[in-house]
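**Q** Model the structure of this input:
(one chain, ligands or ions: 2)
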Amino acid sequence: MTKRTISILGATGSIGLSTLDVVRRHPDRFSVHALTAGSRADELAVLCREFRPAVAVMACDVAAERLRALLADLPETRVLSGESGLCDVASATGSDTVMAAIVGAAGLAPTLAAVRAGKRVLLANKEALVMSGQLFMDAVEQHGAELLPIDSEHNAIFQCMPPDKVRDPRSAGVTRILLTASGGPFREYAEKDLRTVTPEQACAHPNWSMGQKISVDSATLMNKGLELIEACWLFNTSPDHVQVHVHPESIIHSMVEYADGSVLAQLGSPDMRTPIANGLAWPERIDAGVAPLDLFAIGRFHFERPDLQRFPCLRLAAEAFASGGTAPAVLNAANEVAVAAFLEGRLCFADIPVIIERTLVAIGVVPADSFETIFEKDSEARQWAREQISLLAV
Ligand code: NAD
Ligand code: MG
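**A** Numbers count the residues shown, from 1 in each chain. Ligands and ions are numbered 1, 2, ... in the order given. Purely as a prediction, here's the structure:
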(Lines give C-alpha, C1' and ligand atoms only; values in the text may rest on other atoms or scores of the structure.)
(Ligands and ions follow the chains in the order given, each with its own letter.)
Protein backbone atom coordinates (compact mmCIF):
# COMPACT_ATOMS: atom_id res chain seq x y z
CA MET A 1 0.00 0.00 0.00
CA THR A 2 1.42 3.37 -1.04
CA LYS A 3 0.92 6.12 1.54
CA ARG A 4 0.27 9.58 0.13
CA THR A 5 0.23 13.12 1.48
CA ILE A 6 -2.29 15.25 -0.33
CA SER A 7 -2.91 18.93 -0.91
CA ILE A 8 -6.37 19.80 -2.17
CA LEU A 9 -6.76 23.00 -4.18
CA GLY A 10 -10.46 23.91 -4.09
CA ALA A 11 -11.26 21.78 -1.02
CA THR A 12 -14.70 23.34 -0.39
CA GLY A 13 -16.01 22.62 -3.90
CA SER A 14 -17.83 19.64 -5.28
CA ILE A 15 -14.63 17.80 -6.33
CA GLY A 16 -12.76 18.91 -3.19
CA LEU A 17 -15.45 17.52 -0.89
CA SER A 18 -15.67 14.26 -2.86
CA THR A 19 -11.88 13.95 -2.58
CA LEU A 20 -12.04 14.44 1.18
CA ASP A 21 -14.79 11.83 1.35
CA VAL A 22 -12.46 9.25 -0.26
CA VAL A 23 -9.53 10.39 1.91
CA ARG A 24 -11.70 10.05 5.05
CA ARG A 25 -12.32 6.36 4.24
CA HIS A 26 -8.57 5.57 4.19
CA PRO A 27 -6.84 7.23 7.14
CA ASP A 28 -4.05 4.63 7.01
CA ARG A 29 -3.29 5.49 3.38
CA PHE A 30 -3.83 9.25 2.98
CA SER A 31 -2.99 12.30 5.06
CA VAL A 32 -3.78 15.91 4.22
CA HIS A 33 -0.99 18.48 3.98
CA ALA A 34 -2.93 21.52 2.73
CA LEU A 35 -6.49 22.62 2.02
CA THR A 36 -7.43 25.71 0.02
CA ALA A 37 -10.61 27.64 -0.83
CA GLY A 38 -11.70 30.82 -2.58
CA SER A 39 -13.71 32.95 -0.16
CA ARG A 40 -15.67 30.64 2.15
CA ALA A 41 -13.55 30.70 5.29
CA ASP A 42 -16.24 29.18 7.51
CA GLU A 43 -16.49 26.08 5.32
CA LEU A 44 -12.72 25.66 5.16
CA ALA A 45 -12.46 26.08 8.94
CA VAL A 46 -14.77 23.08 9.45
CA LEU A 47 -12.63 20.97 7.11
CA CYS A 48 -9.42 22.10 8.85
CA ARG A 49 -10.80 20.97 12.20
CA GLU A 50 -11.46 17.52 10.81
CA PHE A 51 -8.33 16.99 8.64
CA ARG A 52 -5.77 19.11 10.56
CA PRO A 53 -3.68 20.25 7.57
CA ALA A 54 -0.31 21.94 8.13
CA VAL A 55 -1.38 24.79 5.83
CA ALA A 56 -4.69 26.34 4.77
CA VAL A 57 -5.00 28.97 2.04
CA MET A 58 -7.79 31.41 1.17
CA ALA A 59 -7.71 33.14 -2.19
CA CYS A 60 -8.34 36.59 -0.71
CA ASP A 61 -6.77 38.36 2.28
CA VAL A 62 -10.05 39.20 4.01
CA ALA A 63 -11.12 35.55 3.96
CA ALA A 64 -7.66 34.50 5.21
CA GLU A 65 -8.01 36.90 8.17
CA ARG A 66 -11.37 35.36 8.96
CA LEU A 67 -9.94 31.84 8.73
CA ARG A 68 -7.06 32.81 11.08
CA ALA A 69 -9.59 34.06 13.61
CA LEU A 70 -11.70 30.90 13.27
CA LEU A 71 -8.64 28.68 13.73
CA ALA A 72 -7.04 30.70 16.55
CA ASP A 73 -7.09 27.59 18.75
CA LEU A 74 -5.44 25.40 16.06
CA PRO A 75 -1.86 26.74 15.91
CA GLU A 76 -0.63 23.74 13.88
CA THR A 77 -2.51 25.04 10.79
CA ARG A 78 -0.69 27.96 9.17
CA VAL A 79 -3.00 30.22 7.12
CA LEU A 80 -1.76 31.79 3.88
CA SER A 81 -3.56 33.88 1.25
CA GLY A 82 -3.65 34.81 -2.40
CA GLU A 83 -2.26 33.23 -5.52
CA SER A 84 1.23 33.14 -4.03
CA GLY A 85 -0.10 31.12 -1.07
CA LEU A 86 -1.88 28.73 -3.45
CA CYS A 87 1.28 28.26 -5.53
CA ASP A 88 3.37 27.78 -2.37
CA VAL A 89 1.24 24.92 -1.09
CA ALA A 90 0.91 23.37 -4.55
CA SER A 91 4.69 23.09 -4.81
CA ALA A 92 5.56 22.54 -1.11
CA THR A 93 7.57 19.43 -0.28
CA GLY A 94 5.04 18.52 2.44
CA SER A 95 2.82 16.76 -0.10
CA ASP A 96 3.47 14.29 -2.94
CA THR A 97 0.00 14.54 -4.51
CA VAL A 98 -2.03 17.61 -5.48
CA MET A 99 -5.72 17.57 -6.35
CA ALA A 100 -6.21 20.47 -8.79
CA ALA A 101 -9.89 21.26 -8.23
CA ILE A 102 -10.11 25.05 -8.39
CA VAL A 103 -12.67 26.07 -10.99
CA GLY A 104 -11.59 28.07 -14.04
CA ALA A 105 -8.51 30.02 -15.03
CA ALA A 106 -7.79 30.85 -11.37
CA GLY A 107 -6.49 27.28 -11.09
CA LEU A 108 -3.83 27.54 -13.78
CA ALA A 109 -0.97 29.09 -11.77
CA PRO A 110 -1.31 26.76 -8.73
CA THR A 111 -1.81 23.66 -10.89
CA LEU A 112 1.26 24.60 -12.88
CA ALA A 113 3.21 25.10 -9.64
CA ALA A 114 2.35 21.50 -8.68
CA VAL A 115 3.41 20.28 -12.13
CA ARG A 116 6.71 22.16 -11.91
CA ALA A 117 7.36 20.56 -8.52
CA GLY A 118 7.11 17.15 -10.24
CA LYS A 119 4.15 15.90 -8.19
CA ARG A 120 1.36 13.47 -8.86
CA VAL A 121 -1.20 15.97 -10.16
CA LEU A 122 -4.83 14.89 -10.17
CA LEU A 123 -6.35 17.13 -12.83
CA ALA A 124 -9.98 18.13 -12.35
CA ASN A 125 -9.35 21.77 -13.37
CA LYS A 126 -9.69 21.18 -17.13
CA GLU A 127 -9.69 24.93 -17.86
CA ALA A 128 -5.98 25.08 -16.89
CA LEU A 129 -5.10 22.53 -19.57
CA VAL A 130 -7.47 24.00 -22.17
CA MET A 131 -5.90 27.44 -21.75
CA SER A 132 -2.30 26.43 -21.95
CA GLY A 133 -2.32 23.06 -23.82
CA GLN A 134 1.15 22.43 -25.22
CA LEU A 135 2.96 24.56 -22.63
CA PHE A 136 1.23 22.67 -19.84
CA MET A 137 2.04 19.25 -21.32
CA ASP A 138 5.64 20.34 -21.94
CA ALA A 139 5.93 21.33 -18.26
CA VAL A 140 4.56 17.91 -17.23
CA GLU A 141 7.22 16.21 -19.34
CA GLN A 142 10.05 18.53 -18.35
CA HIS A 143 9.44 18.25 -14.60
CA GLY A 144 8.50 14.57 -14.53
CA ALA A 145 5.06 15.22 -13.05
CA GLU A 146 2.60 12.35 -12.99
CA LEU A 147 -0.57 13.80 -14.52
CA LEU A 148 -3.69 11.70 -13.88
CA PRO A 149 -7.07 12.72 -15.29
CA ILE A 150 -9.97 13.10 -12.85
CA ASP A 151 -12.60 14.31 -15.32
CA SER A 152 -14.77 11.17 -15.46
CA GLU A 153 -14.51 10.80 -19.26
CA HIS A 154 -10.74 11.21 -19.35
CA ASN A 155 -10.29 8.94 -16.38
CA ALA A 156 -12.41 6.35 -18.24
CA ILE A 157 -10.27 6.72 -21.38
CA PHE A 158 -7.12 6.46 -19.26
CA GLN A 159 -8.44 3.23 -17.74
CA CYS A 160 -9.19 1.81 -21.21
CA MET A 161 -5.65 2.37 -22.55
CA PRO A 162 -2.37 0.60 -21.77
CA PRO A 163 -0.82 2.90 -19.10
CA ASP A 164 2.49 3.25 -20.92
CA LYS A 165 0.77 4.26 -24.20
CA VAL A 166 -1.41 7.09 -22.93
CA ARG A 167 0.67 9.71 -24.76
CA ASP A 168 0.98 7.59 -27.90
CA PRO A 169 -2.30 5.67 -28.21
CA ARG A 170 -1.94 5.06 -31.95
CA SER A 171 1.07 2.86 -31.32
CA ALA A 172 -1.19 0.75 -29.09
CA GLY A 173 -3.68 0.29 -31.95
CA VAL A 174 -6.15 2.93 -30.74
CA THR A 175 -8.21 4.23 -33.68
CA ARG A 176 -10.77 6.49 -31.96
CA ILE A 177 -11.81 7.86 -28.61
CA LEU A 178 -15.57 7.83 -28.07
CA LEU A 179 -16.20 10.68 -25.63
CA THR A 180 -19.58 10.37 -23.95
CA ALA A 181 -21.78 13.32 -22.93
CA SER A 182 -24.99 13.36 -20.90
CA GLY A 183 -26.46 16.04 -23.17
CA GLY A 184 -27.27 18.16 -20.10
CA PRO A 185 -30.65 19.28 -18.74
CA PHE A 186 -31.77 20.90 -22.04
CA ARG A 187 -31.03 17.97 -24.34
CA GLU A 188 -34.64 17.77 -25.47
CA TYR A 189 -35.45 21.50 -25.47
CA ALA A 190 -36.44 23.30 -28.67
CA GLU A 191 -33.98 26.00 -29.77
CA LYS A 192 -36.47 28.81 -29.10
CA ASP A 193 -36.99 27.63 -25.50
CA LEU A 194 -33.28 27.98 -24.73
CA ARG A 195 -33.73 31.78 -24.59
CA THR A 196 -35.81 31.62 -21.43
CA VAL A 197 -34.15 28.90 -19.33
CA THR A 198 -33.03 29.98 -15.83
CA PRO A 199 -29.80 29.40 -13.89
CA GLU A 200 -31.73 27.09 -11.53
CA GLN A 201 -32.81 24.92 -14.47
CA ALA A 202 -29.29 24.94 -15.93
CA CYS A 203 -27.74 23.89 -12.61
CA ALA A 204 -30.19 21.01 -12.09
CA HIS A 205 -28.14 18.40 -13.93
CA PRO A 206 -30.04 15.15 -14.55
CA ASN A 207 -27.19 12.81 -13.46
CA TRP A 208 -24.35 14.69 -11.75
CA SER A 209 -24.19 17.04 -8.78
CA MET A 210 -21.47 19.59 -9.58
CA GLY A 211 -20.35 23.20 -9.07
CA GLN A 212 -22.40 25.91 -10.80
CA LYS A 213 -19.93 26.79 -13.55
CA ILE A 214 -19.47 23.23 -14.83
CA SER A 215 -23.23 22.64 -14.53
CA VAL A 216 -23.89 25.53 -16.92
CA ASP A 217 -21.07 24.27 -19.17
CA SER A 218 -22.79 20.88 -19.27
CA ALA A 219 -26.04 22.56 -20.25
CA THR A 220 -24.45 24.52 -23.14
CA LEU A 221 -22.21 21.55 -24.15
CA MET A 222 -19.19 23.81 -23.64
CA ASN A 223 -18.15 21.26 -21.05
CA LYS A 224 -17.88 18.69 -23.84
CA GLY A 225 -16.01 21.22 -25.97
CA LEU A 226 -13.49 21.81 -23.17
CA GLU A 227 -13.26 18.04 -22.72
CA LEU A 228 -12.62 17.50 -26.43
CA ILE A 229 -9.63 19.85 -26.16
CA GLU A 230 -8.58 18.23 -22.86
CA ALA A 231 -8.65 14.77 -24.50
CA CYS A 232 -6.54 15.94 -27.44
CA TRP A 233 -3.82 17.21 -25.07
CA LEU A 234 -3.91 14.37 -22.57
CA PHE A 235 -3.91 11.61 -25.17
CA ASN A 236 -1.86 13.41 -27.80
CA THR A 237 -4.52 13.06 -30.47
CA SER A 238 -6.60 15.26 -32.79
CA PRO A 239 -10.34 16.04 -32.85
CA ASP A 240 -10.77 13.80 -35.95
CA HIS A 241 -9.99 10.85 -33.68
CA VAL A 242 -12.41 11.87 -30.94
CA GLN A 243 -16.14 11.42 -31.49
CA VAL A 244 -18.69 12.81 -29.05
CA HIS A 245 -21.57 10.43 -28.25
CA VAL A 246 -24.50 11.78 -26.27
CA HIS A 247 -25.38 9.04 -23.79
CA PRO A 248 -28.10 10.37 -21.48
CA GLU A 249 -27.74 7.63 -18.83
CA SER A 250 -24.14 8.73 -17.98
CA ILE A 251 -23.13 5.18 -17.08
CA ILE A 252 -20.52 4.63 -19.80
CA HIS A 253 -17.99 7.34 -18.98
CA SER A 254 -16.20 7.03 -22.35
CA MET A 255 -14.80 4.38 -24.70
CA VAL A 256 -11.65 3.59 -26.65
CA GLU A 257 -11.81 1.90 -30.07
CA TYR A 258 -8.96 -0.32 -31.29
CA ALA A 259 -7.84 -1.35 -34.79
CA ASP A 260 -9.22 -4.88 -34.39
CA GLY A 261 -12.74 -3.51 -33.80
CA SER A 262 -12.66 -3.90 -30.01
CA VAL A 263 -14.22 -1.05 -28.07
CA LEU A 264 -13.27 -0.85 -24.39
CA ALA A 265 -15.55 1.11 -22.08
CA GLN A 266 -15.41 2.11 -18.43
CA LEU A 267 -18.77 2.04 -16.68
CA GLY A 268 -19.90 3.15 -13.27
CA SER A 269 -22.48 5.12 -11.33
CA PRO A 270 -22.21 8.85 -12.05
CA ASP A 271 -20.21 9.58 -8.90
CA MET A 272 -16.92 11.51 -9.07
CA ARG A 273 -15.53 9.53 -6.14
CA THR A 274 -14.76 6.71 -8.61
CA PRO A 275 -12.30 8.67 -10.81
CA ILE A 276 -10.98 10.50 -7.73
CA ALA A 277 -10.22 7.23 -5.93
CA ASN A 278 -8.69 5.87 -9.13
CA GLY A 279 -6.32 8.84 -9.34
CA LEU A 280 -5.49 8.91 -5.63
CA ALA A 281 -4.57 5.22 -5.43
CA TRP A 282 -3.45 4.48 -9.00
CA PRO A 283 -2.33 1.83 -9.93
CA GLU A 284 -3.95 0.28 -6.88
CA ARG A 285 -7.73 0.11 -6.40
CA ILE A 286 -9.50 1.26 -3.25
CA ASP A 287 -13.04 1.55 -1.92
CA ALA A 288 -14.54 4.87 -3.05
CA GLY A 289 -17.81 4.56 -1.15
CA VAL A 290 -19.68 4.25 -4.45
CA ALA A 291 -22.72 1.96 -4.65
CA PRO A 292 -22.27 -1.03 -7.00
CA LEU A 293 -23.69 -0.50 -10.48
CA ASP A 294 -27.14 -2.06 -10.93
CA LEU A 295 -27.48 -2.59 -14.67
CA PHE A 296 -30.86 -4.33 -14.26
CA ALA A 297 -32.23 -1.15 -12.72
CA ILE A 298 -30.77 0.97 -15.56
CA GLY A 299 -32.09 -1.40 -18.24
CA ARG A 300 -31.08 0.40 -21.44
CA PHE A 301 -28.35 2.60 -22.89
CA HIS A 302 -29.03 5.24 -25.55
CA PHE A 303 -26.70 7.13 -27.90
CA GLU A 304 -27.26 10.23 -30.05
CA ARG A 305 -25.16 12.61 -32.09
CA PRO A 306 -24.69 16.04 -30.46
CA ASP A 307 -26.86 18.80 -31.99
CA LEU A 308 -24.43 21.60 -32.89
CA GLN A 309 -27.26 23.84 -34.08
CA ARG A 310 -28.90 24.08 -30.66
CA PHE A 311 -25.59 23.79 -28.78
CA PRO A 312 -22.97 25.75 -30.76
CA CYS A 313 -20.46 25.81 -27.89
CA LEU A 314 -19.14 22.37 -28.86
CA ARG A 315 -18.46 23.63 -32.38
CA LEU A 316 -16.82 26.82 -31.07
CA ALA A 317 -14.46 24.78 -28.90
CA ALA A 318 -13.48 22.51 -31.80
CA GLU A 319 -12.84 25.59 -33.97
CA ALA A 320 -10.76 27.26 -31.26
CA PHE A 321 -8.63 24.14 -30.91
CA ALA A 322 -8.17 24.04 -34.70
CA SER A 323 -7.14 27.73 -34.70
CA GLY A 324 -4.53 26.86 -32.09
CA GLY A 325 -2.27 29.33 -30.29
CA THR A 326 -4.14 31.46 -27.79
CA ALA A 327 -7.63 30.73 -29.24
CA PRO A 328 -8.58 28.10 -26.59
CA ALA A 329 -7.55 30.51 -23.80
CA VAL A 330 -9.79 33.19 -25.35
CA LEU A 331 -12.65 30.69 -25.71
CA ASN A 332 -12.26 29.71 -22.05
CA ALA A 333 -12.07 33.30 -20.78
CA ALA A 334 -15.13 34.44 -22.76
CA ASN A 335 -17.03 31.38 -21.56
CA GLU A 336 -16.17 32.05 -17.91
CA VAL A 337 -17.36 35.65 -18.19
CA ALA A 338 -20.54 34.70 -20.10
CA VAL A 339 -21.43 31.89 -17.65
CA ALA A 340 -20.92 34.22 -14.66
CA ALA A 341 -23.20 36.81 -16.32
CA PHE A 342 -25.84 34.15 -17.02
CA LEU A 343 -25.71 32.97 -13.39
CA GLU A 344 -26.15 36.59 -12.24
CA GLY A 345 -29.16 37.10 -14.53
CA ARG A 346 -27.35 39.54 -16.83
CA LEU A 347 -27.22 37.35 -19.95
CA CYS A 348 -29.66 34.91 -21.47
CA PHE A 349 -28.57 31.30 -21.86
CA ALA A 350 -28.76 31.35 -25.66
CA ASP A 351 -26.42 34.36 -25.77
CA ILE A 352 -23.56 32.52 -24.04
CA PRO A 353 -22.25 31.16 -27.40
CA VAL A 354 -22.92 34.54 -29.06
CA ILE A 355 -20.56 36.27 -26.61
CA ILE A 356 -17.93 33.56 -27.01
CA GLU A 357 -18.05 33.69 -30.81
CA ARG A 358 -17.82 37.51 -30.89
CA THR A 359 -14.85 37.40 -28.54
CA LEU A 360 -13.09 34.76 -30.62
CA VAL A 361 -13.59 36.87 -33.75
CA ALA A 362 -12.40 40.08 -32.05
CA ILE A 363 -9.32 38.84 -30.21
CA GLY A 364 -6.73 37.79 -32.75
CA VAL A 365 -4.94 34.48 -32.33
CA VAL A 366 -1.24 34.65 -31.55
CA PRO A 367 1.16 31.77 -30.88
CA ALA A 368 0.90 30.53 -27.28
CA ASP A 369 4.63 30.94 -26.76
CA SER A 370 4.57 31.68 -23.02
CA PHE A 371 2.26 31.60 -20.02
CA GLU A 372 2.50 35.42 -19.94
CA THR A 373 1.00 35.59 -23.44
CA ILE A 374 -1.81 33.28 -22.34
CA PHE A 375 -2.63 35.37 -19.27
CA GLU A 376 -2.56 38.55 -21.40
CA LYS A 377 -5.02 37.11 -23.92
CA ASP A 378 -7.15 35.79 -21.07
CA SER A 379 -7.59 39.30 -19.63
CA GLU A 380 -8.07 40.90 -23.05
CA ALA A 381 -10.82 38.37 -23.82
CA ARG A 382 -12.49 38.89 -20.44
CA GLN A 383 -12.64 42.63 -20.94
CA TRP A 384 -14.03 42.32 -24.48
CA ALA A 385 -16.63 39.73 -23.39
CA ARG A 386 -17.78 41.98 -20.50
CA GLU A 387 -18.25 44.91 -22.90
CA GLN A 388 -20.24 42.77 -25.32
CA ILE A 389 -22.47 41.52 -22.50
CA SER A 390 -23.27 45.06 -21.43
CA LEU A 391 -24.37 45.77 -25.04
CA LEU A 392 -26.82 42.84 -25.08
CA ALA A 393 -30.07 43.31 -23.16
CA VAL A 394 -31.26 40.25 -21.21
P1 NAD B 1 -16.94 24.22 -7.33
O2 NAD B 1 -17.42 25.56 -7.76
O3 NAD B 1 -17.86 23.32 -6.59
O4 NAD B 1 -15.60 24.40 -6.45
C5 NAD B 1 -14.57 25.22 -6.83
C6 NAD B 1 -13.51 25.34 -5.75
O7 NAD B 1 -12.54 26.30 -6.19
C8 NAD B 1 -14.04 25.83 -4.40
O9 NAD B 1 -13.30 25.24 -3.36
C10 NAD B 1 -13.75 27.33 -4.45
O11 NAD B 1 -13.60 27.91 -3.16
C12 NAD B 1 -12.43 27.35 -5.22
N13 NAD B 1 -12.24 28.61 -5.93
C14 NAD B 1 -13.14 29.25 -6.73
N15 NAD B 1 -12.61 30.39 -7.23
C16 NAD B 1 -11.34 30.46 -6.75
C17 NAD B 1 -10.27 31.40 -6.92
N18 NAD B 1 -10.42 32.50 -7.65
N19 NAD B 1 -9.10 31.15 -6.29
C20 NAD B 1 -8.95 30.05 -5.52
N21 NAD B 1 -9.92 29.12 -5.33
C22 NAD B 1 -11.10 29.33 -5.93
O23 NAD B 1 -16.40 23.49 -8.66
P24 NAD B 1 -16.30 21.93 -8.96
O25 NAD B 1 -17.56 21.46 -9.56
O26 NAD B 1 -15.74 21.22 -7.79
O27 NAD B 1 -15.22 21.93 -10.15
C28 NAD B 1 -13.84 22.13 -9.91
C29 NAD B 1 -13.08 21.81 -11.17
O30 NAD B 1 -13.25 20.42 -11.46
C31 NAD B 1 -13.58 22.55 -12.41
O32 NAD B 1 -12.50 22.86 -13.23
C33 NAD B 1 -14.49 21.54 -13.09
O34 NAD B 1 -14.54 21.72 -14.48
C35 NAD B 1 -13.78 20.25 -12.76
N36 NAD B 1 -14.66 19.08 -12.77
C37 NAD B 1 -15.69 19.01 -11.90
C38 NAD B 1 -16.53 17.90 -11.91
C39 NAD B 1 -17.67 17.78 -10.93
O40 NAD B 1 -18.35 16.75 -10.92
N41 NAD B 1 -17.93 18.75 -10.09
C42 NAD B 1 -16.32 16.88 -12.84
C43 NAD B 1 -15.25 16.99 -13.72
C44 NAD B 1 -14.41 18.10 -13.67
MG1 MG C 1 -16.47 15.35 -17.47
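
**Q** What pLDDT does the model give the residue of the chain most remote from its centre?
**A** Using Cα atoms, centre = their mean, the residue of the chain lying farthest from its centre is D73. It sits 34.7 Å away. pLDDT recorded at D73 is 97.

**Q** In the stretch 1-150 of the chain, what residue comes closest to ligand 1?
**A** Proximity of the stretch 1-150 of the chain to ligand 1 (Cβ to the nearest ligand atom) peaks at G13, 1.9 Å away. Yep, even glycine has a C-beta here, placed from its N, CA and C like the rest.

**Q** which residue packs closest to that residue, ignoring adjacent ones?
**A** G211 (5.4 Å; Cβ to Cβ, 6 or more residues apart in numbering).

**Q** follow-up on the earlier one: residue contacts, the residue farthest from the centre of the chain?
**A** By Cβ atoms under 8 Å, 6 or more residues apart in numbering, no residues touch D73.

**Q** correct me, but the residue of the stretch 1-150 of the chain closest to ligand 1 touches V103?
**A** Yes: applying Cβ atoms under 8 Å as the test, G13 and V103 come out as touching, 6.5 Å apart.

**Q** Show me the shaky parts of the stretch 251-394 of the chain.
**A** Along the stretch 251-394 of the chain, the model assigns pLDDT under 70 to residues 393-394.

**Q** The same query, at a cut-off of 90, please.
**A** Residues of the stretch 251-394 of the chain meeting the criterion pLDDT under 90: 392-394.

**Q** Please work out which residue of it is closest to ligand 1.
**A** M272 (4.5 Å).

**Q** what sits against the residue nearest to that residue when sequence neighbours are not counted?
**A** Excluding its sequence neighbours, the residue lying closest to M272 (Cβ to Cβ, 6+ apart) is S18, at 4.8 Å. The neighbours of S18, taking Cβ under 8 Å, 6+ apart as the test, are 271-273, 276.

**Q** does S18 belong to a helix or a strand, and which?
**A** If you go by DSSP states H and E, S18 is part of helix 14-24.

**Q** where along the stretch 251-394 of the chain do the strands fall?
**A** Per DSSP state E, counting those that start in this stretch, the stretch 251-394 of the chain has strands spanning 252-258, 263-267. These are given in chain order.

**Q** Turn these into JSON lines, including distance to ligand 2.
**A** Output for those, formatted as JSON lines (distance: least, Cβ to the ion, whole Å):
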{"stretch": "strand 252-258", "distance to ligand 2": "8"}
{"stretch": "strand 263-267", "distance to ligand 2": "12"}
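
**Q** most packed of the ones you listed?
**A** Scoring the strands of the stretch 251-394 of the chain by mean neighbour count under mean count of other Cβ atoms under 10 Å gives strand 252-258 as the most buried, with a mean of 22.

**Q** list the helices and strands it packs on?
**A** Contacting strand 252-258 under the criterion 3 or more Cβ pairs under 8 Å, 6 or more residues apart in numbering; DSSP states H and E are the following elements: helix 152-159, strand 174-181, strand 263-267.
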